[in-house]
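S.K.: Build me a structure from this.
(one chain, ligands or ions: 2)
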Amino acid sequence: MKKGKLIGFAAMVAAAAAVIAFSGSFHTRLNKSEKEKNVQEAVAEVEPEKEKQADIVIIGAGGAGMTAAVEAVQKGATNLVVLEKMPITGGNTVRATGGLNAAETPYQAAEGIEDSIELFVEDTMKGGKNLNDPELVQVMAEQSGEAVAWVNEIGGDLSVVGQFGGASVKRIHRPSDTSAVGPMLVKALNAKLKELEVPVFLETEAVHILLDEKGAVQGVQAVTKGGEPYTISCKAVILATGGFGANSEMVVRYKKELDGFFTTNHLGATGDGIAMMEELKAGFADMDQIQTHPTVNPDTTTMYTEGVRGNGAILVNQTGHRFVNELETRDIVSEAILNQEGGTCFIVFDQSVRESLSAIESYIEKGIITQGNTPEELAEAIGVDKDQLKKTLEQYAVFQSEGIDAEFGRESMEVPMNKPPYYAGLCAPAVHHTMGGVKIDTDSQVLKEDGSKIPGLFAAGEVVGGVHGANRLGGNAVTDIVVFGRLAGSRAYDYVMEDGGFTEATMNLAQEEEAVEPEVKGNYKDGTYTGTGKGNNGDITVEVLVESGSVTAVNLTDHAETPGIYEAAEKAVIASVIKTQTVSVDGVSGATRTSDGIKEAIAAALEKAK
Ligand code: FAD
Ligand code: MEZ
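M.R.: Ligands and ions are numbered 1, 2, ... in the order given. Below you'll find the model as predicted:
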């Protein structure tokens, strides 16, 4: 491997760490023990000035971590940093589509929906097969209305209420334009963190949480963007690393039936927090409880939000028949799909459903929806018996008008589904949510196996187990991350105040390079792709990371370009590609052939991502 930037002994240490940082972001290169060995070697070499200090370190800039940061700073925290291993913030949260469940909100009242905390708790426990920790569920339900108000206060928009599976009433809150909840929430959180001047260090992977001799938190070992390993000493840590849905090896370890399943999760959902908690002998709950989402397009792994069914869509099998109450909980719908021919089905809806949910436009743009002017035309296009699909839709319209689904007992049937044109998308279940995780109490404080606390350690979000039991209801994870993210931020603030209070911030973003973010949205398949192009001195190989459809990072993994010359081309070309999401960008004068080689390599990688 040739890495032009790295020369001499210090550079060798940095090189080891750079590989670690890179592998941390892309999760493909080193196995855990190789990675661990490199971290230890690299950390051993770290210079004293690389030691940093903060009062609270938040690990993970997804919804839970960013919420915790905002809450702690709003309460008065002054010296707090957020570490994020990926090149962008948002984690799985930015993918969240359907919404956030909350009871007794003004938005429900405005629509005359009668809901209660008790009913919310009951539905959640029933959905989770009573495996849930009832105290955590109670906290989530009680604080759900405040969570909606808080999101709106920080600049978000949750004001429309919809129906989802397993909920007795309309309870899921989403933006007023019916768009996806995650991008709205992450945008609001990013803006708030910027306004509050909270440093978020991207491509910085936490590796270990350090305890003092009394067993209380004293620091975090991390590897930074740029490849520097260092230790941040701190009084409190908030663990918000999300779930492990993208770590197929770990998924299979806990639930072997899911071998071979694809996932809806972002690449960073690899269970790092679980590994860190195992080291500290934390307690765990429900690790084998892993949920599949029933309606995911197998070609692109795009999830069709449950909102499509909630707003009216039905599911039909390859023969054009319905086969399940589409609004049953996810475990039941997933199993029913797996029992159909080929383990797949079609989600079918009409123009009125399309008009009710703007998330559908993104599926149409992605090319994963087939359209027909009549049920027969649609059936022909998707290879389903046309008379049967016509009959199924006609029968459903009768059930809808009578308010009784005589076939499967579906209660909410929003529309008769007879407004042309008609639409269908292929779907199959995919790994979606890992309900198991570290044990916490109702203050978000991490508990050990024996039930005692680890002082200074808090956790929130998908890394936590116990809230959702055996099956999470759609919309409850975003409630979970806002409610427990706020609790973790608030309690970590209290803990630091009791431990001598906050100190002046010593880590800030000025020490780090600003991250380059996409200015337009890309239209690629998520994943990591390699490509090769001809540079000035031979082949250039790149690895390109695509997240949520957009190129978010490019690394030169092998090349022989001239040190001191290629760096300018590397920086400028990659930044322009990320910003514009195309390879039709300017090269750098004086390094034209290197620029062209990098562009050619990225283009080759992106060919595979179309
Ligand atoms: P994440 O948002 O995943 O954030 C964790 C962050 O930690 C990530 O950015 C990750 O890169 C980072 N990280 C991990 N390890 C490290 C480390 N070692 N060092 C530093 N950083 C690290 N739920 C709902 O309630 N409603 C919905 O509509 C909904 N839709 C969904 C749609 C999709 C496609 C998916 C995948 C999930 C959906 N969910 C939904 C579930 C919900 O989005 C997630 O459970 C929730 O957002 C998790 O939030 P989190 O903050 O715990 O984790
Ligand atoms: O909670 C979820 O995972 C969810 C609401 C997903 C979706 O179908 O939109």
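
S.K.: any idea which strand is longest in this structure?
M.R.: strand 422-434 (DSSP state E).

S.K.: and that strand, what's its mean pLDDT?
M.R.: When pLDDT is averaged along strand 422-434, the result is 98.

S.K.: What is that strand packed up against?
M.R.: Packing partners of strand 422-434 (3 or more C-beta pairs under 8 Å, 6 or more residues apart in numbering; DSSP states H and E): helix 248-254, strand 290-296, helix 330-338, strand 345-350, helix 351-356, helix 359-365, strand 370-372, helix 375-382. Bear in mind the C-beta positions are built from the backbone N, C-alpha and C, glycine included.

S.K.: what's near enough to touch residue 285?
M.R.: 133, 436-439, 465-466 (C-beta atoms under 8 Å, 6 or more residues apart in numbering).

S.K.: now do 7 Å
M.R.: Residue 285 is in contact with 133, 436-437, 439, 465-466, counting by C-beta atoms under 7 Å, 6 or more residues apart in numbering.

S.K.: coming back round to it: could you give me the average pLDDT of the helix or strand that comes right after the longest strand of the chain?
M.R.: Sequence order places strand 437-438 as the next helix or strand after strand 422-434, per DSSP states H and E. Mean pLDDT, computed over strand 437-438, is 98.

S.K.: And strand 437-438, what does it pack against?
M.R.: Applying 3 or more C-beta pairs under 7 Å, 6 or more residues apart in numbering; DSSP states H and E, one finds that strand 437-438 makes contact with helix 272-279, strand 284-285.

S.K.: out of these, nearest to ligand 1?
M.R.: helix 272-279 (3.5 Å; C-beta to the nearest ligand atom).

S.K.: buried set for the closest one?
M.R.: Under the neighbour-count criterion of 16 or more other C-beta atoms under 10 Å, helix 272-279 has 272-277 buried.

S.K.: From residue 429, how far off is residue 386?
M.R.: Look at residue 386 and residue 429: by C-beta to C-beta, to the nearest Å, they are 27 Å apart.

S.K.: neighbour-wise, which of these two wins?
M.R.: Using other C-beta atoms under 10 Å, the more surrounded residue of residue 386 and residue 429 is residue 429, with 27 against 18.

S.K.: isn't residue 593 right next to residue 536, touching?
M.R.: Yes - the criterion here is C-beta atoms under 7 Å, and residue 593 meets it with residue 536 at 4.1 Å.

S.K.: quick one, which of these two is more surrounded?
M.R.: residue 536 (19 against 16).

S.K.: Can you show me the helices along the stretch 51-200 of the chain?
M.R.: 63-75, 106-110, 117-127, 134-142, 144-153, 181-195 (DSSP state H, counting those that start in this stretch).

S.K.: Report the angle between the fourth one and helix 144-153.
M.R.: Put plainly, it is helix 134-142. Here the directions of helix 134-142 and helix 144-153 differ by 50 degrees (axes from the mean of the first three to the mean of the last three C-alpha atoms, to 10 degrees).

S.K.: List the contacts of helix 134-142.
M.R.: So helix 134-142 is contacted by 103, 117, 120-121, 124-125, 442, 466-467, 479-480, 483 (C-beta under 7 Å, 6+ apart).

S.K.: What parts of the stretch 351-500 of the chain come near ligand 1?
M.R.: 432-433, 461-462, 475-478, 481 (C-beta under 6 Å from any ligand atom).

S.K.: rerun at 5 Å
M.R.: For the stretch 351-500 of the chain, the residues in contact with ligand 1 (C-beta under 5 Å from any ligand atom) are 461-462, 475, 477-478, 481.

S.K.: Please list which of the residues you listed also come close to ligand 2.
M.R.: Checking these against ligand 2 (C-beta under 5 Å from any ligand atom), the matches are residue 475.

S.K.: what's near enough to touch residue 160?
M.R.: With C-beta under 7 Å, 6+ apart, residue 160 has these contacts: 174-176, 178.

S.K.: Of these, which is the most crowded?
M.R.: residue 174 (29 neighbours).

S.K.: quick one: the nearest residue to that residue once chain neighbours are set aside from ligand 1, how far?
M.R.: Closest residue to residue 174 apart from its sequence neighbours, by C-beta to C-beta, 6 or more residues apart in numbering: residue 99 at 3.7 Å. Going from residue 99 to ligand 1 by C-beta to the nearest ligand atom, to the nearest Å gives 5 Å.

S.K.: Residue 242 and residue 463, how far apart?
M.R.: In terms of C-beta to C-beta, residue 242 sits 6 Å off from residue 463.

S.K.: Mind pulling up the pLDDT for residue 285?
M.R.: pLDDT, residue 285: 98.

S.K.: Let me see the contact set for the closest residue to it other than its chain neighbours.
M.R.: The shortest distance from residue 285 to any non-neighbouring residue, by C-beta to C-beta, 6+ apart, is to residue 465 (3.5 Å). Neighbour list for residue 465: 284-287, 435-439 [criterion: C-beta under 7 Å, 6+ apart].
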